[in-house]
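Participant: Below is the sequence, then the predicted model.
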Amino acid sequence: MINKQISSASQAVKDVFDGATIMIGGFGEAGSPIELIHALIDQGAKDLTVASNNTGSGEVGLAALLKAERVSKIICSFPRTANSTVFPDLYNNGKIELELVPQGTLAERIRAGGAGIPAFFTPAAVGTPLAEGKETRSFNGQDYLMEHGLVADFAFIKGRTGDTHGNIVYNKTARNFGPIMAMAAKVAIVQVNEVVEPGEIDPEVVVTPGIFVNRVVEVASPVFESELVAAGVSYP
Amino acid sequence: MINKQISSASQAVKDVFDGATIMIGGFGEAGSPIELIHALIDQGAKDLTVASNNTGSGEVGLAALLKAERVSKIICSFPRTANSTVFPDLYNNGKIELELVPQGTLAERIRAGGAGIPAFFTPAAVGTPLAEGKETRSFNGQDYLMEHGLVADFAFIKGRTGDTHGNIVYNKTARNFGPIMAMAAKVAIVQVNEVVEPGEIDPEVVVTPGIFVNRVVEVASPVFESELVAAGVSYP
Amino acid sequence: MSEQTQTPKAVGRTREEMAKRLAQDIPNGSYVNLGIGIPELVTKFVPDGHTLIYHTENGLLGMGPSPEEGEGDLELINAGKRQVTANPGAAFFHHADSFSMIRGGHIDLCVLGAMQVSKGGDLANWSTGKPGAIPAVGGAMDLVAGVKSVFVITQHCTKHGDPKLVEKCTFPLTGVGVISRVYTDLAVIDITAQGFRLIELSPGVDFEYVQDRTGAELLPIINP
Amino acid sequence: MSEQTQTPKAVGRTREEMAKRLAQDIPNGSYVNLGIGIPELVTKFVPDGHTLIYHTENGLLGMGPSPEEGEGDLELINAGKRQVTANPGAAFFHHADSFSMIRGGHIDLCVLGAMQVSKGGDLANWSTGKPGAIPAVGGAMDLVAGVKSVFVITQHCTKHGDPKLVEKCTFPLTGVGVISRVYTDLAVIDITAQGFRLIELSPGVDFEYVQDRTGAELLPIINP
């Protein structure tokens, strides 16, 4: 019998080690695995490299992880977030390294990492400051940049429903980076509102097949970043 | 109002031109858009380049298109099919060119073509005869081949249900090459058992978003290659 | 509004009028991605009988308007992180698929704001390049590189009165030679092999007025 | 059976016994891709209490056995184009996703047949290279390049009595240095940095018997 369900978020993240690379899903608060991030803050791992589209808002979730100075480097497309002073303060004080990546290139690098593609060519960012130091090559008369696949030790992802084999479906635009981050991480950890038995998710509608998922945690009523920020919550 | 439904297979393929490149979905008979292929045989376009995983069986569907000598080149991973003498005869008589591509490389080349990736690196086929003439490059101490994205003028695809915006869901392993071929073709033509109104397919379960599909044709009761072959049918 | 101190209301188009003008040029049935700000106003002015399908790069095709109060979902948002709805015929997908639509040339039109546009069609719209500013690019570089046509909608000049249409961008680039047309409060201008070509003047504005506020030569309307 | 004329039933393992022997070595919970032919027999011999999840590269994870007569679907097939079923917990996906599982190292084990295996772990199993033969490769090159462990299951010798385990493959290669272990009717043999290393002899077979039928040096069992 295969059962990837883990009893709690803290159990699910307990082996995250200092210096680990973690991909964290979400676009804004949609799909942000906030309970897993909070469990990681409690757990204490530091010197982390995080890949995530944004840097969180307020002082909860990803922003709280940054504020706790656990992240030494972030790979990100849009770190300038409303309601956030955490990342700007760290960045301007030289306390965090930023690798800025165009959003589509970030997505494709993650997908490539998961698909065993070490490098690919993209037209995005050609001729811009983000092309500096990158190999340029022409195909059919157009210039492209070579970009490398991205992999991680862990991925933290938020789904809607998962089965004990790790098959996942998502909620609306919370899907965003979840499916590709699950592919690219050695250990993909998914929090879902509901864990069900194999067979309860129609095989035609599975978005992330269980092969990409290592641990599933039920968080029946996840909190939302904007609601915590509005309530003035600061984690921990 | 957007309505991509076309009244018949023959209407849907009427502008296929001599010399066109056509991606044809299917793995064996699963997902083979046999009614679209038969409509193309009737239509008469010739000197075609076809990309498809197999070469069909018997003298129906893709095998019939080959037998009619409309295809000058096929890009294929497994052209040696049970119950088929058509391709071997043409190939051994020098009447068709074969570009043999590993199945995963074929899939990734098609996906890359659709995703605007002109080239990528793969470990498949390194050191084999299929690597001849291809650029090899080392990443992290391992060798990879550079492969190019593949695009087409048309794609012929079989789905289960489509809406008038072109959103498509498939039947089981008939999904195979459909979603990526729809991405890679200028004109993607999908035959489905049933055409429905927008909104009847849950946006969470759409497999091919309508943006990749140009024409949808209802073929309520598609025939199957194996049944035609068993019945001794030869098309036309 | 600070723009109005530079461009009095009597001169040229308002933001809404700019969006309305642009909306007339989008073919029926187009797949469209709209940037944040003035570009979003375009949805209000789509001509009757036309249907556009809106793509938002965070994973939705068939985006609809903002939800009614209390009916939204915090996880159904657009690229500006504002709540939206999904129209009948919508589809959700992940980021790699979403940017395949963009990079693969499947989106017909993208409308973006701009800090600068050069006569060669270069766009700068993501960074002032000033020290201390937090760099953030999002999907802009992917959009301009991949979408079939990229329109810019912007005030003709900055708040300080400097031209945004320039010989050569001084801000960091978003893309090189990627813009095909610019809609401003003063004019509609194409990027051509020869440079900025006037297509249409806003009501009440003349050629010299626009040329004076443009940082490169403005070629006159062909066959006016 | 022609194999039996070369390897009398009394000597070594039958095809079923080979598959049974291999099945003992697959960790519980593995994601497994089985080639066509002898590899498919492995499913019959999975130890009690073990669950394997079968991947078929044409787009299904959680593949189950053949359907009951009359209950199949012509579009629910395996890579050998035979009808199968989907177990609870299965998922369907397209070919690019399926080969991402393969190329990306997500499949734990692949079991393939072979024409030749070299002592360096090279595999030849797709073409005799003879003129007139129709070349067809399918997913074999992707599988050997991407799957974490690749086992070969094969008769030790060809129908003509020639060794399949060789110094250097003479047939066109499927992959270079990709095989980790070989299960034959006569033995279980690892590919090591030193070459072929005997792991286990089949019942009734001695070292010299296997070495005589192997086309390269066979290193003895360590700590027998």
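Facilitator: Received, thanks. This structure is a prediction, so every number in the text was calculated from the model and none was measured. Numbers count the residues shown, from 1 in each chain, chains lettered A, B, ... in the order given.

Participant: if I pick the residue nearest to A:Gly210 when sequence neighbours are not counted, what's in contact with it?
Facilitator: Counting by CB to CB, 6 or more residues apart in numbering or on different chains, A:Gly210 lies nearest to A:Gly166, which is 3.3 Å off, once chain neighbours are set aside. Where C-beta positions appear, they are placed from N, C-alpha and C, glycine not excepted. With contact set as CB atoms under 8 Å, 6 or more residues apart in numbering or on different chains, A:Gly166 has these partners: A:Lys4, A:Ala188, A:Val190, A:Thr208, A:Pro209, A:Gly210, A:Ile211, A:Phe212, A:Val213, A:Asn214, A:Arg215, A:Val216.

Participant: can you tell me the helix or strand for A:Gly166?
Facilitator: Secondary structure assignment for A:Gly166, by DSSP states H and E: no helix or strand.

Participant: measure it to D:Thr214 for me?
Facilitator: 42 Å (CB to CB, to the nearest Å).

Participant: try A:Thr128
Facilitator: 59 Å.

Participant: remind me which residues of chain C are low pLDDT?
Facilitator: C:1-10, C:224 (pLDDT under 70).

Participant: What residues does it have near chain B?
Facilitator: C:29, C:31, C:51, C:53, C:55, C:60-62, C:86-93, C:96-97, C:99-107, C:146 (CB under 8 Å from any CB of the partner chain).

Participant: In helices only, show me these.
Facilitator: Among the residues of chain C next to chain B, the residues falling in helices (DSSP state H) are C:Ala96, C:Asp97, C:Phe99, C:Ser100, C:Met101, C:Ile102, C:Arg103, C:Gly146.

Participant: Please list which of the residues you listed also come close to chain A.
Facilitator: C:Ala96, C:Phe99, C:Ile102, C:Arg103, C:Gly146.

Participant: Next, find the distance separating the third one from C:Tyr54.
Facilitator: From C:Ile102 over to C:Tyr54 the distance is 13 Å, taken as CB to CB.

Participant: Then the second one?
Facilitator: Applying CB to CB, the value for C:Phe99 to C:Tyr54 is 16 Å.

Participant: Show me which of these two is the more surrounded one.
Facilitator: More crowded of C:Phe99 and C:Tyr54, by other CB atoms under 10 Å in any protein chain shown: C:Phe99, with 28 against 22.

Participant: Do a quick rundown of the helices in chain A.
Facilitator: A:9-12, A:34-43, A:61-67, A:86-92, A:103-115, A:178-184, A:225-230.

Participant: Can you say which of those helices is nearest to chain D?
Facilitator: Among the helices of chain A, the nearest to chain D by CB to the nearest CB is helix A:103-115 (3.6 Å).

Participant: Including mean pLDDT, could the helices of chain A go into JSON lines?
Facilitator: What follows is those, written out as JSON lines (pLDDT from 0 to 100):
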{"stretch": "helix A:9-12", "mean pLDDT": "98"}
{"stretch": "helix A:34-43", "mean pLDDT": "98"}
{"stretch": "helix A:61-67", "mean pLDDT": "97"}
{"stretch": "helix A:86-92", "mean pLDDT": "94"}
{"stretch": "helix A:103-115", "mean pLDDT": "98"}
{"stretch": "helix A:178-184", "mean pLDDT": "98"}
{"stretch": "helix A:225-230", "mean pLDDT": "95"}
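
Participant: now the ones you listed in CSV, with distance to chain C and mean neighbour count?
Facilitator: Listed next are these as CSV, based on distance: least, CB to the nearest CB, whole Å; neighbours: other CB atoms under 10 Å in any protein chain shown:
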stretch, distance to chain C, mean neighbour count
helix A:9-12, 19, 20
helix A:34-43, 12, 22
helix A:61-67, 13, 26
helix A:86-92, 5, 19
helix A:103-115, 3, 29
helix A:178-184, 4, 30
helix A:225-230, 6, 18
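
Participant: can you tell which of the ones you listed is closest to A:Ser77?
Facilitator: Counting by CB to CB, A:Ser77 lies closest to helix A:103-115 out of the helices of chain A; the figure is 3.9 Å.

Participant: List the residues that contact C:Leu198.
Facilitator: C:Ala187, C:Val188, C:Ile189, C:Phe207, C:Val210, C:Leu218, C:Leu219, C:Pro220, C:Ile221.

Participant: Relative to chain B, which of those is nearest.
Facilitator: Checking those against chain B with CB to the nearest CB, the nearest one is C:Val188 at 26.7 Å.

Participant: For the closest one, give me its contacts.
Facilitator: Taking CB under 8 Å, 6+ apart as the test, what C:Val188 contacts is C:Arg21, C:Arg181, C:Val182, C:Leu198, C:Ile199, C:Glu200.

Participant: now A:Ala20
Facilitator: A:Ala45, A:Leu48, A:Thr49, A:Asp153, A:Phe154.

Participant: Tell me the residues of chain A that contact chain D?
Facilitator: So chain A meets chain D at A:1-2, A:111, A:113-117, A:163-165, A:167, A:183, A:197-199, A:203-204, A:206, A:209-212 (CB under 8 Å from any CB).

Participant: rerun at 6 Å
Facilitator: A:1-2, A:114-116, A:163, A:165, A:167, A:198-199, A:203-204, A:206, A:209, A:211 (CB under 6 Å from any CB of the partner chain).

Participant: Among the residues you listed, name the ones in strands.
Facilitator: A:Asp163 (DSSP state E).

Participant: Give me the buried entries from the residues of chain A next to chain D.
Facilitator: Buried members of those, counted by 16 or more other CB atoms under 10 Å in any protein chain shown: A:2, A:114-116, A:163, A:165, A:167, A:198-199, A:203-204, A:206, A:209, A:211.

Participant: List the residues that contact residue 35.
Facilitator: No chain in the question, so chain A it is. With contact taken as CB atoms under 6 Å, 6 or more residues apart in numbering or on different chains, A:Glu35 is in contact with A:Ala9, A:Gln191, A:Val219, A:Pro222.

Participant: wrong one, chain C
Facilitator: C:Leu112, C:Gly113.
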